[in-house]
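Q: give me a model of this one.
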Amino acid sequence: MTFTLPSLPFAPGALAAHGMCQETLELHHGKHHQAYVTALNGLVEKNDALKGKSLEEIIRMAHGRDDLTPVFNNAGQHWNHSLFWKSLSATGGGIPGSLEKKLVGDFGSVEKFKEAFKAAALGQFGSGWAWLVLGNDGRLKITKTGNAGTPLATGDGKALLVLDVWEHAYYVDFRNRRADFADNFLAKLANFEFAAAELAAA
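A: Next up is the predicted model:
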């Protein structure tokens, strides 16, 4: 199985008016994400145990194994980025009623959810990710992971939405202002329609 770079679910310039310019997406999707896919394919080609495995199987197999750290890093980054593109929308920020009800039930209010999500994004030291996850107990929760870490690897529930807080995700648009990047994501870019659909499917 050869892994390929997924197409963006929007035009590269579609988010420019909402805080994420075309240059950011061309670098992030076309260069960074593509590099992870290329590296992963090269690593799989050299390891018979990985051939024919799905991306999810490879991530679970490589998690926590020192001998497969490069595999985990590139597979995790491929999976995380693929979900990140789906977490963005030019019409983002609006929360469907079904998801809003669940957020209020599990966090107390939409504002408390946003505060917790932003805190995770800012509290992740260095590179990583902030996640909205449907936990195994059926409740929504916020988690954060470093580098290529993902809830998929740890069995920590179903990821519904993710924000990339590696500097390459925001430096062109926001320089070092990660807090502004997180605020902009929640207000203008977060594809809560996608998160609601994933929640319903779960």
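
Q: what residues of the longest helix anywhere in the chain count as buried?
A: Counting by DSSP state H, the longest helix found in the chain is helix 69-86. Residues of helix 69-86 classed as buried by neighbour count (16 or more other CB atoms under 10 Å): 71-86. Bear in mind the C-beta positions are built from the backbone N, C-alpha and C, glycine included.

Q: ok, now which ones touch the closest residue to residue 140 other than its chain neighbours?
A: Sequence neighbours aside, residue 106 is the residue nearest to residue 140 in space, at 4.3 Å (criterion: CB to CB, 6 or more residues apart in numbering). Taking CB atoms under 8 Å, 6 or more residues apart in numbering, we find residue 106 in contact with 113, 139-141.

Q: please repeat the previous calculation with a cut-off of 10 Å.
A: Neighbour list for residue 106: 112-113, 134-135, 138-141 [criterion: CB atoms under 10 Å, 6 or more residues apart in numbering].

Q: and if you look at residue 107?
A: Residues near residue 107 by CB under 10 Å, 6+ apart: 113-117, 139-142.

Q: doesn't residue 28 belong to a helix?
A: Yes: Residue 28 forms part of a helix when assessed by DSSP: H, G, I helix; E, B strand; the rest coil.
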